[in-house]
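*Asks:* quick one, fold the following:
(one chain, ligands or ions: 1)
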Amino acid sequence: MSETTPHRLSGKRVILGITGGIAAYKTAELIRLYKKAGADVQVVMTPTAEKFVTRLTLGTLSERPVHAEIFPENELGSWTKHIEFGLWGDIYVIAPATAQSMAKLASGMCDSMLTAVALAARCPILVCPAMDHDMWEHPATRESVQTLEGFGYHMMEPEEGELASGLIGKGRLPEPENIFKRTAEIIAKSASKKKGRLAGTKVLVTAGPTREAIDPVRFISNRSTGTMGYEIAAAAERRGADVILVSGPTSLEKPEGVHRINVTTAAEMYDAVHKETDAELIVMVAAVADYAPANPAQSKIKKGGEEPDLDLQPTRDILASLGAGKKKGQTLVGFALETDNGEENARIKLEKKNLDWIILNNPNEEGAGFGTGTNRVTMMGRDGTEEPLPMMEKREVAEFILDRVLGEDS
Ligand SMILES: Cc1cc2nc3c(=O)[nH]c(=O)nc-3n(C[C@H](O)[C@H](O)[C@H](O)COP(=O)(O)O)c2cc1C
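*Replies:* Reported below is the predicted structural model:
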């Protein structure tokens with residue numbers, strides 16, 4: 001896995017269903033692989049599976065409580081969890097799947113959390129059977145497999161080899177690495193089926209402020225909350241894009257389906273952004289510090305000592321550097337926060353930094369700029385267009401901006 005490109009499973013939600021087969025022990029490794037790739041994992045298991053592997057192990061590795069019973073004794077109000085999980089997952093992987101559980105799934109039985117989630121799931125389901133060779137060959141099992149395939153479930157054939165019974169034959173659970181790969185393939189396929197103008201497109205968005213250290217406890221920053229950038233990231237994701245959000249420090253929750261990279265300083269943001277320059281659309285919303293203390297103090301500056309001399313030096317200009325290296329077919333959108341001569345300054349910035357669009361807003365205008373849920377912006381295009389948009393919720397502003405950039409009507 002490369003350090004720069006997030007894995008296809010990053011930010012994806014995997015429900016892992018474990019049934020009572022001897023190969024259940026291998027799921028500990030499978031969870032580890034999913035987690036390492038940045039996926040969220042929710043384990044559900046049959047009560048029998050608990051005889052093979054403990055909830056403690058699975059819950060610890062997945063960092064989520066494991067569910068087995070459809071009617072848990074001590075959790076009032078949680079009886080709808082199977083529906084919740086069914087809607088939550090991007091994929092439901094059942095591994096290992098016993099002959100018994102497959103027969104239940106094939107007949108629509110839902111007497112456990114694991115089987116009920118399968119009926120409630122809206123996501124793709126991957127079934128990985130594992131059992132003794134003769135059980136696998138039995139007509140009842142063959143029929144279950146056929147029925148599940150007929151439901152549109154993805155099936156992963158067991159492998160040949162030595163079985164836990166000591167017999168040799170087909171029935172082994174595929175290695176966790178292979179189940180992991182197949183999971184990623186299915187997710188990628190279902191992502192490419194994602195609807196929307198931006199399906200299959202990589203979009204890079206920056207958001208929030210940066211912080212430049214003065215000493216270990218103090219920093220220079222600005223009033224950006226990150227809201228506008230987060231809304232643009234979420235809007236692009238809703239249109240089917242693969243979104244990378246490089247975010248300065250904010251208190252905002254990561255938008256669903258978006259891959260977030262957290263940074264603190266302008267220099268860190270510069271590096272993170274430059275690892276993602278293959279994005280087809282780049283929207284730079286972050287309020288990046290223009291200057292940073294040249295020599296931040298290593299220990300806290302004390303009151304009463306010598307008056308501190310804040311020697312500032314310019315940070316590297318991320319937008320200018322992206323503009324200079326702009327790739328063919330790439331669209332680069334910048335934001336300009338101007339208090340004076342807005343239009344004029346924004347147009348100069350657009351030209352100088354080789355942008356396709358610049359979004360102008362004025363923090364002194366009521367309801368616009370930092371810390372508000374609304375914004376009023378003017379969109380300025382490279383072709384000379386200039387469109388002042390009315391005051392709107394930032395979510396709507398984000399939709400408008402994408403409409404204009406993609407040449408769609410709103
Ligand atoms: C030691 C042991 C190992 C087992 N391994 C498997 C297996 O690999 N595959 C299988 O289909 N059943 C296996 N079984 C049988 C299942 O545990 C049994 O059918 C159980 O009812 C499955 O329940 P579940 O599908 O609800 O988890 C095994 C049973 C024992 C005692």
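
*Asks:* which residues of the stretch 1-150 of the chain lie near the ligand?
*Replies:* Neighbours of the ligand within the stretch 1-150 of the chain, by C-beta under 6 Å from any ligand atom: 19-23, 46, 48-49, 98-101, 130-131, 135. From N, CA and C alone the C-beta is placed, and that goes for glycine too.

*Asks:* most surrounded residue in those residues?
*Replies:* With neighbours taken as other C-beta atoms under 10 Å, the top of these is Thr19, carrying 30 neighbours.

*Asks:* thought it was touching Ala99?
*Replies:* No - counting by C-beta atoms under 8 Å, Thr19 sits too far from Ala99 to count as a contact (9.4 Å).

*Asks:* now go through the residues of the stretch 1-150 of the chain next to the ligand and say which are in helices.
*Replies:* Among those, the ones falling in helices (DSSP state H) are 99-101, 135.

*Asks:* how about stretch 134-143 as PDB, C-alpha atoms only?
*Replies:* Output of stretch 134-143 as PDB, limited to C-alpha atoms (Å, rounded to 0.1, in the frame of the first residue of the first chain):
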ATOM      1  CA  ASP A 134     -17.700 -33.800   2.000                       C
ATOM      2  CA  MET A 135     -19.900 -31.100   3.600                       C
ATOM      3  CA  TRP A 136     -18.900 -28.800   0.800                       C
ATOM      4  CA  GLU A 137     -19.800 -31.400  -1.900                       C
ATOM      5  CA  HIS A 138     -23.100 -32.300  -0.300                       C
ATOM      6  CA  PRO A 139     -26.100 -31.500  -2.600                       C
ATOM      7  CA  ALA A 140     -27.700 -29.400   0.200                       C
ATOM      8  CA  THR A 141     -24.600 -27.200   0.400                       C
ATOM      9  CA  ARG A 142     -24.400 -27.000  -3.400                       C
ATOM     10  CA  GLU A 143     -28.000 -25.900  -3.500                       C
END
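
*Asks:* so for it, what gets flagged as buried?
*Replies:* Buried residues in stretch 134-143, counting neighbours by 16 or more other C-beta atoms under 10 Å, are found at 135-136, 141.

*Asks:* also stretch 44-64?
*Replies:* Within stretch 44-64, the residues that qualify as buried are 44-46, 48-50, 52-53, 58, 61-62, counting by 16+ other C-beta under 10 Å.

*Asks:* and it, end to end?
*Replies:* 10 Å (C-alpha to C-alpha, to the nearest Å).

*Asks:* so Ile94 bridges to which residues?
*Replies:* Gly17, Val127 (DSSP bridges).

*Asks:* count of residues packed around it?
*Replies:* Count around Ile94 with other C-beta under 10 Å applied: 28.

*Asks:* equivalent analysis for Asp311, please.
*Replies:* 9.

*Asks:* let's see the longest helix anywhere in the chain as PDB, backbone CA atoms only.
*Replies:* Ranked by residue count under DSSP H, the longest helix found in the chain is helix 176-192. What follows is helix 176-192, C-alpha atoms only, in PDB (Å, rounded to 0.1, in the frame of the first residue of the first chain):
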ATOM      1  CA  PRO A 176      -7.200 -13.500   4.900                       C
ATOM      2  CA  GLU A 177      -5.000 -11.600   2.400                       C
ATOM      3  CA  ASN A 178      -7.100 -13.000  -0.500                       C
ATOM      4  CA  ILE A 179     -10.500 -12.300   1.200                       C
ATOM      5  CA  PHE A 180      -9.200  -8.800   1.900                       C
ATOM      6  CA  LYS A 181      -8.200  -8.300  -1.800                       C
ATOM      7  CA  ARG A 182     -11.600  -9.600  -3.000                       C
ATOM      8  CA  THR A 183     -13.400  -7.200  -0.500                       C
ATOM      9  CA  ALA A 184     -11.400  -4.300  -2.000                       C
ATOM     10  CA  GLU A 185     -12.300  -5.400  -5.600                       C
ATOM     11  CA  ILE A 186     -16.000  -5.600  -4.800                       C
ATOM     12  CA  ILE A 187     -15.900  -2.200  -3.100                       C
ATOM     13  CA  ALA A 188     -14.100  -0.700  -6.100                       C
ATOM     14  CA  LYS A 189     -16.700  -2.100  -8.500                       C
ATOM     15  CA  SER A 190     -19.600  -0.800  -6.400                       C
ATOM     16  CA  ALA A 191     -17.900   2.600  -6.200                       C
ATOM     17  CA  SER A 192     -17.500   2.800  -9.900                       C
END
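
*Asks:* past that helix, which element shows up next along the chain?
*Replies:* Going down the chain from helix 176-192, the next helix or strand is strand 202-207, by DSSP states H and E.

*Asks:* what is that following strand packed up against?
*Replies:* Using 3 or more C-beta pairs under 8 Å, 6 or more residues apart in numbering; DSSP states H and E as the contact test, the elements touching strand 202-207 are helix 227-238, strand 242-247, helix 266-274, strand 281-284.

*Asks:* so which of these is nearest Tyr34?
*Replies:* Judged by C-beta to C-beta, the one of these that comes nearest to Tyr34 is strand 242-247, at 18.4 Å.
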